[in-house]
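S.K.: Need the 3D shape of this:
(2 chains)
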Amino acid sequence: MADLSCKIAGIDSLNPFWLASAPPTDKKYNVVRAFEAGWGGVVWKTLGIDPPVVNVSSRYGAHHDQNRRLLGINNIELISDRPLATNLQEIRECRVEYPDHVIIGSMMAPIEERAWKDLAQQIAESGVHGIELNLGCPHGMCERGMGSAIGQVPEMVEQVTRWVKDAVDIPVFTKLTPNITNILWSAEAALKGGADAVSLINTVNSIISVDLDSMVPEPVVDGKGTHGGYCGSAVKPIALNMVAEIARTPETRDLQISGIGGITTWKDAVEFMALGSNAVQVCTAAMIYGFRVVDDLIDGMSQWMDDKGYTSVEQFTRAAVPQVANWNELNMNYDTKAVINPDNCIECGRCHIACEDTSHQAIAMNVKEDGHREFVVIDEECVGCNLCYHICPVPDCITMEPVPTDKPYMTWPEHPLNTMEQAAE
Amino acid sequence: MTNLQAKQASKSGAMPGGAHASVTGDVDSNFSDLHPAYSTLQAMAESNRCLYCYDAPCVTACPTSIDIPSFIRKISTGNPDGAAKTILSANIMGGTCARACPTEVLCEQACVRNVSEDVAVEIGSLQRFAVDHLMARDELPHPFKRAAATGKQIAVVGAGPAGLSCAHRAAMLGHDVTVFEAKAKPGGLNEYGLAAYKMTHDFAQREVEFLLGIGGIRIEYGKALGRDITLGALRDGYDAVFVGVGLGSSNNLGLPGEAFDGVDDAISFIEQLRQTEPKSDMPVGHNVIVIGGGNTAIDAAVQAKRLGADEVTLVYRRGAEHMSATEFEQELAKINGVIVRYWAKPVAIKANGKLIGMEFEKTELRDGKLVGTGETFDIRADQILKAIGQKIKTDDLAGMEISGGKIVVDDKYQTTAPGIFAGGDCIKSGEDLTVQSVEDGKQAAIAIDAFLKSA
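M.R.: Numbering: from 1, shown residues only, chains lettered A, B, ... in the order given. Have a look, this model is predicted:
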């Protein structure tokens, strides 16, 4: 079994799987269960200045698929609603009882230097390995000038990061909100403030659904609803892009990244790491299935590493980053065509209707003499868009085959049809 | 049902979809639903197995061309009543067909999931879920509207699936319909001919009541063709006539002793059972022989067993592969403990003051012809049920051509008597199935509408 140990922001971890700061890491009871289940670390639920916040009921909305599988959760729960001293005492106990596991203290405060520094020092004294600055929470706390209200202003991101860096001598993770125009602005600000790493993404601002009987956004709190933070597998693509942008941009690529956003399977985790994450954080998958999901995360990643010949996670961390390009760097002379393997085809017709109605009318449906149907790609019409490949319910029935060409690699800026070429220069 | 499912079912004694298959000591519970109704959760899970095929093979395989992928998608999006309307717009007896159709040789046989996983989407159970959901909502108006009144009067003979389907579609098209039914209740084979565990409670009657909700349909009971009404008089009194009389009489074995007490038509046995409540009041023999190889034979044999017969033997003159009963039905017989003897034909009914059994001669195929081998054996019996087919009663159908025991119709369902149309088991369209009769009735109504408009 491959060695999954990793290091992020100078902190050694048994494996790259931490639980994110959220309801699952609210108290010792949960954290102990998580460590016993195999999680390498936890980011404790965000601590604030006493008196603790008060939460409402209910707190979660859900984005289901039609089979009632959860694609995403939207959450309006605030930060820890327990006294600071209670949380810090439990952190101390966990550190003693589980010395090999990582505990990061997450915190937020109003935009006042003293408040950030005092709280950071108190948390550091509880023995945490590092501090994560919650600058992302997009509901409730932002209305009080915290969370994403700070994270959306790069100058404040830098300021808060610097305050905490000055106050403590343990690694600082600045947690970024995706509810911004350009993730690089806040990442750069965190770097300037001295962050050892950035954690991203926090939840996406969202209304998840409406109760059509009461006409109230869900979750319903006595006849009213509010926007909340969206998480779960549905937000993974948003997170992957933001992680990759930070990892591939010269100004930010030296930042260590704790990847977060819908990680549900070991493959998700590998993708986050291949695009720049040094480790990952998980929340929704655990909330849906329990802490036991870490078993598959560990086992799946390890099996995959053995199959690929990787002996440490560093060997594939950021391995996909060099291949992330701007659109203008793509080869315009590359062409693929869909190929349908009739032996695997179950004749559902989905590729045909998708292409016929919404794409390029490139899949013919022919009725054979025996009454069975065959689906044939019309190469002249196929632009290689991949839609049929993704729609087909049978794996490996449709493949995308590159068309051999002797044409050179040519980007859009070099393309003869690019009339903007000169203007662009 | 695929081979695989049948095998699994016979191993576990349970049928797919939670259907209970084995015989219990409690006769009345033996006649509860063979395939219990889906819960919402089951419907959700199964509807999500549907791939929503385009130009789907299951639609082609359905005699009434129900848009199956569309109705299943509506179930999956939480719109079961919309699903029901999709079903009923193509098949107004979608509730009965969901229960009684041999889906394993129709829609489900064509399901592409068979190719990939060997297990079809349970279309029948999903259809029942949707239709039952809508029919349970008494507060809703009938889902279909009638076109502007045409002033035309249509006579329908027979309130079975073909006749009622024709009546409903004709009423929708704006015509007024009078249905003449020989029996005291409507529904035809839905009420009298389907196995009790396929049509539980009073569903056939509720479905007729629902269907009549369209308006413009009047049923006269106790009006038999030839006895109380004639086709000539109907043709004179109405703008068009539809004949959906089904098949009248059962075929005989042609053996001495056939009138003996204890020798019955399987059809009559099934009819009597359907009308008996509780089912435990229905008499059955200790040792029952069923002759035949169709679904009626299976229905009779399985129900005899479930009524508590000690031994039920189904005897068929050819092999299993020649049976018209579907694989599912054959499997059902075996699971229920019915003894099946192939390659034997009845040669004598044995009685000794009362019925004591039957003598059979073994058969074989010689040069493609079925012949007796000369070797005989006896099976004891105090009840014999004949299920060797039915034939049309031709006496009352004067004036129209009959061929091969069926009324001859053109591609517009018109008989050789102008203005008289026919459909269902009395014509040769597809299989003698409820679903085919519903399609015949629907198409005949559309043809009658065109006929009346062109007149």
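S.K.: Tell me how the chain divides into domains.
M.R.: No chain was given, so I picked chain A. According to automatic domain parsing, chain A comprises the domains A:6-323, A:327-424.
S.K.: The intended chain is chain B.
M.R.: B:33-135, B:153-247+B:392-454, B:250-390.
S.K.: show me where chain A has helices.
M.R.: A:28-37, A:84-97, A:113-125, A:148-151, A:154-167, A:183-193, A:236-248, A:266-274, A:284-289, A:293-308, A:350-358, A:387-391, A:421-424 (DSSP state H).
S.K.: Would you mind putting these into JSON lines with mean pLDDT and distance to B:Arg317 alongside?
M.R.: No exception for glycine: its C-beta is placed from N, CA and C like everyone else's. Shown next, in JSON lines, are these (pLDDT from 0 to 100; distance: least, CB to CB, whole Å):
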{"stretch": "helix A:28-37", "mean pLDDT": "98", "distance to B:Arg317": "66"}
{"stretch": "helix A:84-97", "mean pLDDT": "98", "distance to B:Arg317": "80"}
{"stretch": "helix A:113-125", "mean pLDDT": "98", "distance to B:Arg317": "88"}
{"stretch": "helix A:148-151", "mean pLDDT": "94", "distance to B:Arg317": "81"}
{"stretch": "helix A:154-167", "mean pLDDT": "98", "distance to B:Arg317": "88"}
{"stretch": "helix A:183-193", "mean pLDDT": "98", "distance to B:Arg317": "79"}
{"stretch": "helix A:236-248", "mean pLDDT": "98", "distance to B:Arg317": "65"}
{"stretch": "helix A:266-274", "mean pLDDT": "98", "distance to B:Arg317": "60"}
{"stretch": "helix A:284-289", "mean pLDDT": "96", "distance to B:Arg317": "59"}
{"stretch": "helix A:293-308", "mean pLDDT": "97", "distance to B:Arg317": "59"}
{"stretch": "helix A:350-358", "mean pLDDT": "98", "distance to B:Arg317": "46"}
{"stretch": "helix A:387-391", "mean pLDDT": "97", "distance to B:Arg317": "51"}
{"stretch": "helix A:421-424", "mean pLDDT": "54", "distance to B:Arg317": "85"}
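S.K.: Could you export those to a markdown table, including columns for distance to B:Arg73 and mean neighbour count?
M.R.: Below are the helices of chain A laid out as a markdown table (distance: least, CB to CB, whole Å; neighbours: other CB atoms under 10 Å in any protein chain shown):
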| stretch | distance to B:Arg73 | mean neighbour count |
| --- | --- | --- |
| helix A:28-37 | 39 | 18 |
| helix A:84-97 | 49 | 17 |
| helix A:113-125 | 52 | 18 |
| helix A:148-151 | 38 | 26 |
| helix A:154-167 | 46 | 21 |
| helix A:183-193 | 38 | 23 |
| helix A:236-248 | 26 | 22 |
| helix A:266-274 | 29 | 22 |
| helix A:284-289 | 25 | 20 |
| helix A:293-308 | 31 | 17 |
| helix A:350-358 | 13 | 19 |
| helix A:387-391 | 15 | 17 |
| helix A:421-424 | 46 | 9 |
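S.K.: B:Glu207 is nearest to which of these?
M.R.: Closest of these to B:Glu207 is helix A:350-358, at 34.0 Å (criterion: CB to CB).
S.K.: what are the phi and psi angles of A:Pro408?
M.R.: phi -80, psi 170 (degrees, to the nearest 10).
S.K.: That one: what's it in contact with?
M.R.: A:Pro408 sits next to A:Asn333 when contact means CB atoms under 8 Å, 6 or more residues apart in numbering or on different chains.
S.K.: need the contact list for the single nearest residue of the stretch 201-350 of chain B relative to chain A.
M.R.: Per CB to the nearest CB, B:Thr326 is where the stretch 201-350 of chain B lies closest to chain A, at 20.0 Å. Counting by CB under 8 Å, 6+ apart, B:Thr326 touches B:1, B:102, B:104-105, B:295.
S.K.: Which pLDDT value goes with the closest residue to B:Val105 other than its chain neighbours?
M.R.: Ranked by CB to CB, 6 or more residues apart in numbering or on different chains and with sequence neighbours excluded, the top spatial neighbour of B:Val105 is B:Thr326, at 5.1 Å. Per-residue pLDDT puts B:Thr326 at 92.
S.K.: Pull out the buried positions in stretch A:223-237.
M.R.: A:225, A:227-236 (16 or more other CB atoms under 10 Å in any protein chain shown).
S.K.: ignore the last one, stretch A:324-344
M.R.: The neighbour-count check on stretch A:324-344 (16+ other CB under 10 Å) flags A:324, A:332, A:335-338, A:340 as buried.
S.K.: need the contacts of B:Thr326 in JSON lines with pLDDT, can you?
M.R.: Converted to JSON lines, the contacts of B:Thr326 look like this (pLDDT from 0 to 100):
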{"residue": "B:Met1", "pLDDT": "39"}
{"residue": "B:Pro102", "pLDDT": "94"}
{"residue": "B:Glu104", "pLDDT": "94"}
{"residue": "B:Val105", "pLDDT": "94"}
{"residue": "B:Asn295", "pLDDT": "92"}
